[in-house]
Structure formats: C-alpha cells, structure tokens
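Engineer: sequence-free structure coming up:
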C-alpha cells in the first residue's frame, strides 16, 4: 500500500509536466529573403483572468499545440502564444513580426534574452499610435536577430473584437516593399469607392430614384466598415480605440438594416411580397438598433454577433427567395444571384474566420474585401443599366403619349366640326321643346334622357331621307320630260329614302311593342345551328367570318325574337367595323347545354363614360352620331335576352382594337 501511495503521489506531482504539450519545431528564418508564417510552430495558452505574466504563462501547464493560425472567435480570454525562432546563418539581420488582424486591442511581444530577462514591445488599437514601434495599419514589431541562436517569444493577445489573426515574420526590406504595394492597392480600392459615392450622390440628386438613394447608403456603410476593419482611418488620423470601435460597430449595425432594404428592392419584394418585406425591415431595424446600443455600452462582441447571427439567416432567405423567383423566370432574381452571391460568399467566409471555423490566411482575410469590391462594381453597372432602361421606357411612353394626343386632337377637331353643324340644326327644336323637357326632367331623369336621345335620332336619321325625297320630287316636277334613265334613278332614290324611314319606324315600333307587353314571347324548341346559319346568310359573302363550337342539339327559345337579336348585333358590328375587315361570330355551348354567341369587330375604343349607357333606349354614342341607326339595336338585344332568361354583355370595349359583345341564353 505504501508503494502504491508513493507511485500515486509521484504521478500527481509530475502530472502538470506530463500535461504540458511538447513544443513544436522552431520557426526557421531562411536566407531567401521571403516571409514565413508562424502557423504550425506555436503553442497556445488561454488565460481567462488575464493575470499571468510572461514567467507565469511560460510555467503554466495549459499549453497546447496550435496547428495553424490563431482562430478563437470572440472571446474575453487573454491568449498566450509560445514560439521558438531560429535565424539561418546567411539570413538578413533585420526582421519584423506582423499580425494580419489590424484591429486587435492589445498585443505584447516578450523576448527572452540570454540572461533570462524579458524584453517587451507593445502595440494595438488600445495603445496610442505614437507609442507603436512601427507606424503601420496593423501591429508590426521590429526585430534584430542573431544568427545561429534560437530565441523564445511569448505573445500576449487580448481584444473584444474577433481573436483571429495570422503571425508572419518578414525581412524588413520585403515588408517595406509589400507595404508600399498594399497601400497602392488600398488607395486604388478606396479611390474607386470614393468615385462611386460621388457619382451616385450626383446621380441620386438628379433622379431622386429610390434604388440610387439606398445604394448610396449601402456603399457608404460598406466602405466605412471595410476601411475601419483594415484600420486605415485609425492610422491616418491616429484615431483612439474608444472612437474607432463605436464607429465600426455602428457601421456594421447600420449595414444590416440598409443591406436588407436594398436587397429587398433589388429582388422587387415590395411589389411581390409586401408583407414579408415589411417584416424583414422591422426585424433588421430592431436588431440593428439593439446591436448599436450594445456596442455603445461597451459590449462590442455581443452587439456585433447579434447583427451577424441575424445577417446569416437573412442571407439564406434572400438567396432562397432569389432562387425561387429565378426558377419562375424573374430576371431581377437571376441578376441578384450573381451580384449578391459573390458578396454573400465573401461575408460568410469572413464570418466563419471570425468565429474560428476557418483559419486566417490571405483568402479568408480578404474574402469580404474582394467580394464587396466585385459586388459594388457589378451593382453599379446594373443600376446604370436599369436607369437606362427606365429612360428608354419613359421616352417611348412620352412619344406614344404625344402620338395619342395628336390623334385625339384631330378626332376632336373633326367631331367639333360635325357637332357644330348638328347643333345649329337642333337649336331651334330644342328651344321649342325646352319647357316640355324641363317638366319631364322634374318627373324622371331617365325619361328625359330617352326623350333627348329619341329627338336626336329623329332629327338626324329622318332629316336625310326627307331631304332626299323633297329634292327628288322637285327635280321630277321641274323636268317631267327628262331622260327616262334619270327619272328611274330619281325614283330609286325615293324608294331608298322611304325604305330607310320605314326601317326606322319598324325598329321603333318593335321596341315599343317589346316594352309594352311580354305576350309576344313564344318559346319553342329549335335547332340553334340552323337559326344562326339563316341569320348569317343575310350578309354578303366574306363580310361575316363564323366559327362554330359544340352547340346544343335543341334550344328552347323564340326563333323570331332570337333572329332579331342576332341581326341587331351583326348590324351594330357592320356599322362600326371597317369594310376591309370581317365581322367575327363565334357560337359555343354555354353552361349546361345553353348557348353563347359572341360578335366581334374591329373599331375605335368606346369612350369609358358611354359604356354604362350602351344598352339604354335611344342612346347613341359619339362614335355613332354620324352613322345610321335609331339607338334601339342593343336595347332590343338586351330586352330579348331578358325575356329568354339570359343576358348580353360587353366583353371588350376596343382598348386592344376589338369590340366584342356576347349573348348568353340558358338551356
């Protein structure tokens, strides 16, 4: 038992040493003048309380091998890195240690000399820029190394921002050359951003277009976030950490709300999914405000993580919605997938690097920058093209409006001339009927309207044949010995004028009989195909183009009244259709063995204010004022349809160049 107890005590005493990770191979600085990465050559120690010094950290048992770069995400722990460095014999003397993350709050480098003392260099966002050992945008420590000796370095890291960084050791000359190229690259990049901002400020002030205004905010927030993330303003203006952290945090929070709104506009979601768009806007604004409040209260990591964890599902939602719309043929969605897909990919890679899922390297460090830059260029091209399309559409619309106004003016001038002549003839009659019309108007408005329409019909339709009869009779009386052919022609004119007046009287009397009694309705079984064919046979060949569908074998109707209704529909179409175009008649079965006959003709559109009065008795619209007719045709069709228990409808008012009426009769 004593022996076992001794072994247990010995194991307990040696356990911390056994738990300590074996140091990896030292980092060898070559003589090629190339930079080398410290990834794979470091040990990592977490110091949750941040109380350890270099000696205490070195003696701590919690070291573990770090296979790659530092990638710890957002953490309040202090991280210690242990690194052994050896310089090759022919390598340069002057080197620098560079950290890829430009916004680390505190970075300390402890170097152990031959006498066991620690030398300290310190930099970071929480340190005044004047106290940095090297004036650079990220933390850089100058080093002078002796050949043939191995140095031990301890690096202490602490930051409320993402603890993700790559350590690399550079020859001083190579670092200076790389810095010059880097500043040239960033100068070109942010110069492009500045040109974009200035251009879209000018563009937005000219157009006041919503897409341009939101894109201007979008570029400003993205450029601000990117500039402060790589610490260029902090270096140029020696900006303290208490000022730069709230700016970049507020910019990140604002980017969520602005990006959500701008992405919705690009997908045209306010028109397609208005309720979803409002909810997305409210959610993004609430999270952005909450994150900004947390950042201003000093909880930077919590606020930024809230924004980023909200942005990820929004990205998935937008990509999924764009894919669905693209599958349905939405052109804006296809452009969205290309332009925003590049930006979202860079943002996701950067987020995974900040969270410690992906290791820091050149591609993960610059994924968001490259994605945002390409995204901005493509987005600018898209907005310019969209504005050009809008301008072309506007120009076409204006040209079409000018043509329409010109045509309307010409028609109005013609109508004014014709109406002026007609009104001059009617002034005398209207003056004589003024008292009677006023009395009728007080009794019933509809009676007055019908009376006015009837008077207009009589004055127009009867005046012409009466004038023809009077003139022809005078010619025959003055010259009874005229050539027989002229006398025959004059007699023919008399017959045509009297026939026109007789037809008008018959049509009026038919309407009057239909109005006074329904006893004339005598339904019986008939063949609709034969009935319609008999009516169509009354028209010249080629004037009517008929299309037959499946028709009921027998229909219960009044054949005589149905012929009158069909004849009136065809006569109405014949008066208004150009002579060069055919009247189209389509007969099909309606409902349960009912009948529907559709009559269509080409013609000018019907005025919108006249459509409700088309089936009114004696009503004749402006288009029909100078064509023969009594204003009873459509009224008779409606009355006959009602007697059969059916209806007549206006299917098309001519907006597309076609006027169409449908007569529907039940079984």
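Structural biologist: Yep, that arrived. Being a predicted model, the structure only gives us computed values, none of them experimental.

Engineer: three-state assignment of the most far-flung residue of the chain relative to its centre?
Structural biologist: Of all residues in the chain, residue 481 has its C-alpha farthest from the mean position, at 83.5 Å, by Cα atoms, centre = their mean. Three-state assignment for residue 481 (DSSP: H, G, I helix; E, B strand; the rest coil): coil.

Engineer: how far away is it from residue 114?
Structural biologist: 152 Å (Cβ to Cβ, to the nearest Å). All C-beta spots, glycine's among them, are computed from the backbone N, C-alpha and C.

Engineer: do the same with residue 540
Structural biologist: 121 Å.

Engineer: again with residue 550
Structural biologist: From residue 550 across to residue 114, the span is 108 Å (Cβ to Cβ).

Engineer: list the contacts for residue 328?
Structural biologist: For residue 328, no contacting residues are found, by Cβ atoms under 8 Å, 6 or more residues apart in numbering.

Engineer: quick check: phi and psi at residue 330.
Structural biologist: phi -80, psi 120 (degrees, to the nearest 10).

Engineer: contact partners for residue 145?
Structural biologist: Residue 145 neighbours (Cβ under 8 Å, 6+ apart): 29, 85, 87, 91, 93, 95, 151.

Engineer: if I've got this straight, the last one is in a strand?
Structural biologist: Yes: counting by three-state DSSP, residue 151 is found in a strand.

Engineer: count the neighbours of it for me.
Structural biologist: By other Cβ atoms under 10 Å, 18 other residues sit near residue 151.

Engineer: what's the burial count for the residue nearest to it when sequence neighbours are not counted?
Structural biologist: Leaving aside its sequence neighbours, residue 151 sits nearest to residue 85 (Cβ to Cβ, 6 or more residues apart in numbering; 5.0 Å). Close neighbours of residue 85, defined as other Cβ under 10 Å, add up to 22.

Engineer: can I take it that residue 85 is in a helix?
Structural biologist: No: using three-state DSSP, the secondary structure at residue 85 is strand, not a helix.

Engineer: can you tell me how far it is from residue 36?
Structural biologist: Applying Cβ to Cβ to residue 85 and residue 36 gives a distance of 10 Å.

Engineer: any idea where the helices of the stretch 501-650 of the chain begin and end?
Structural biologist: Counting by DSSP state H, counting those that start in this stretch, the stretch 501-650 of the chain has helices at residues 528-536, 559-576, 633-643.

Engineer: so for residue 592, which of those sits nearest?
Structural biologist: helix 528-536 (14.6 Å; Cβ to Cβ).

Engineer: by contact count, what packs against that closest one?
Structural biologist: In terms of contacts (3 or more Cβ pairs under 8 Å, 6 or more residues apart in numbering; DSSP states H and E), helix 528-536 is packed against strand 544-548, strand 555-557, helix 559-576, strand 583-590.

Engineer: am I right that residue 311 is in a strand?
Structural biologist: No: using three-state DSSP, the secondary structure at residue 311 is helix, not a strand.

Engineer: which SS state does the nearest residue to it once chain neighbours are set aside fall under?
Structural biologist: The shortest distance from residue 311 to any non-neighbouring residue, by Cβ to Cβ, 6+ apart, is to residue 256 (5.7 Å). Three-state call for residue 256 (three-state DSSP): helix.

Engineer: who's in contact with residue 256?
Structural biologist: 284, 287, 288, 291, 307, 310, 311, 314.

Engineer: in whichever strand or helix holds the first one, what counts as buried?
Structural biologist: Here residue 284, judged by DSSP states H and E, is contained in helix 274-296. With burial defined by 16 or more other Cβ atoms under 10 Å, the residues of helix 274-296 counted as buried are 277, 280, 281, 283, 284, 287, 288, 290, 291, 292, 294, 295.

Engineer: quick one: residue 301 and residue 74 touch, right?
Structural biologist: Yes: when contacts are counted by Cβ atoms under 8 Å, residue 301 is listed as touching residue 74 (3.9 Å).

Engineer: mutual contacts of these two, please.
Structural biologist: Residues touching both residue 301 and residue 74 by Cβ under 8 Å, 6+ apart: 160, 161, 162.

Engineer: out of the residues you listed, who's nearest residue 25?
Structural biologist: Closest to residue 25, out of all of the shared contacts of residue 301 and residue 74 and judged by Cβ to Cβ, is residue 162, at 28.4 Å.

Engineer: and that closest one, how many neighbours does it have?
Structural biologist: 26.

Engineer: so it makes contact with residue 102?
Structural biologist: No: applying Cβ under 8 Å as the test, residue 162 and residue 102 come out as separate, 11.4 Å apart.

Engineer: common neighbours of these two, please.
Structural biologist: With Cβ under 8 Å, 6+ apart as the test, residue 162 and residue 102 reach no residue in common.

Engineer: could you confirm residue 157 falls within a strand?
Structural biologist: Yes: with three-state DSSP as the criterion, residue 157 is assigned to a strand.

Engineer: does it really touch residue 167, like I thought?
Structural biologist: No: counting by Cβ under 8 Å, residue 157 stays clear of residue 167, with 9.8 Å between them.

Engineer: overlap of the contact sets of these two?
Structural biologist: Between them, residue 157 and residue 167 share these contacting residues under Cβ under 8 Å, 6+ apart: 70, 81.

Engineer: hey, where'd the helices end up in the stretch 301-450 of the chain?
Structural biologist: Going by DSSP H, counting those that start in this stretch, the stretch 301-450 of the chain shows helices at 331-354, 362-432, 434-443, 445-461.

Engineer: what's the least confident stretch among the ones you listed?
Structural biologist: Lowest mean pLDDT within these: helix 445-461, at a mean of 57.

Engineer: pLDDT averaged over the next helix or strand after that helix - what is it?
Structural biologist: Counting by DSSP H and E, the element after helix 445-461 in chain order, helix or strand, is helix 463-478. Averaged across helix 463-478, pLDDT comes to 72.

Engineer: for stretch 542-554, same thing?
Structural biologist: 87.

Engineer: kindly report the same for stretch 637-655.
Structural biologist: Mean predicted confidence for stretch 637-655 is 88.

Engineer: returning to what we had before: closest one to residue 341 out of the buried residues of helix 274-296, please.
Structural biologist: residue 280 (18.6 Å).

Engineer: run through the residues that contact the residue lying closest to the closest one once chain neighbours are set aside.
Structural biologist: Counting by Cβ to Cβ, 6+ apart, residue 280 lies nearest to residue 260, which is 5.6 Å off, once chain neighbours are set aside. Going by Cβ under 8 Å, 6+ apart, residue 260 touches 280, 281, 284, 314.

Engineer: over to residue 260. Which of the three states is it?
Structural biologist: When classified by three-state DSSP, residue 260 comes out as helix.

Engineer: what about it, distance to residue 221?
Structural biologist: 12 Å.

Engineer: what do you get for residue 634?
Structural biologist: Applying Cβ to Cβ to residue 634 and residue 221 gives a distance of 64 Å.

Engineer: looking at the helices of the stretch 501-650 of the chain, which is nearest to residue 335?
Structural biologist: Nearest of the helices of the stretch 501-650 of the chain (Cβ to Cβ): helix 559-576, 46.9 Å.

Engineer: which helices and strands does the closest one pack with?
Structural biologist: helix 528-536, strand 583-590, strand 594-602, helix 633-643, strand 658-665.

Engineer: tabulate the ones you listed in CSV, adding columns for mean neighbour count and distance to residue 207.
Structural biologist: As requested, these are exported to CSV (neighbours: other Cβ atoms under 10 Å; distance: least, Cβ to Cβ, whole Å):
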stretch, mean neighbour count, distance to residue 207
helix 528-536, 16, 58
strand 583-590, 19, 47
strand 594-602, 21, 41
helix 633-643, 21, 49
strand 658-665, 21, 39
